[in-house]
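>>> From the sequence below, what's the structure:
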Amino acid sequence: MTPTIYRISDFLPAHTYQEIAQYADANQALFQPNSSTPSILHDLPNHWLEGPLMQALPTVLENLQLLSFPLQTIEMELYAVGDGNYQPKHVDNATAGSNRFLTFSYFCSRDPQLYRDWE
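Here you go, the predicted model:
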């Protein structure tokens, strides 16, 4: 059976995480309400994640038993949830007009909690 989730621990260095957290704090007013629990900040700058994603992609594809494919775009969004809330399980649909094949999620928290559904 082909795995559907591949987890990478300590994906980003601490200083990059701090930059993302500072960016989220500074741009709180730009988060848009969503139909589900989290709020979304669209158009997150790619410079924090694009390099690490591209570096990890061959290993991820191998572990998910997927063939290499031509990468056209990387779409990034930042989700914010309040205390006690979470991103509910969902089908990750592509943006209209795109053909999303693979989704990366990076979870970070000021007060990390174990999220059992992803373990």
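>>> Where do the helices of the protein begin and end?
14-26, 50-63 (DSSP state H).
>>> Relative to residue 77, which of those is closest?
helix 14-26 (11.7 Å; Cβ to Cβ). (C-beta placed from N, C-alpha, C; glycine too.)
>>> Tell me the buried residues in the closest one?
16, 20, 24 (16 or more other Cβ atoms under 10 Å).
>>> Relative to residue 51, how far out is the first one?
It refers to residue 16. Note on residue 16: its distance to residue 51, by Cβ to Cβ, to the nearest Å, is 10 Å.
>>> same deal with residue 23?
Distance from residue 23 to residue 51, by Cβ to Cβ: 16 Å.
>>> ok, now residue 80?
23 Å.
>>> neighbour-wise, which of those two wins?
It is residue 80, of residue 80 and residue 51, that has more neighbours when counted by other Cβ atoms under 10 Å, with 15 against 11.
>>> Could you give the bridge partners of the residue nearest to that one when sequence neighbours are not counted?
Leaving aside its sequence neighbours, residue 80 sits nearest to residue 39 (Cβ to Cβ, 6 or more residues apart in numbering; 4.9 Å). According to DSSP bridges, the residues that bridge with residue 39 are residue 33, residue 80.
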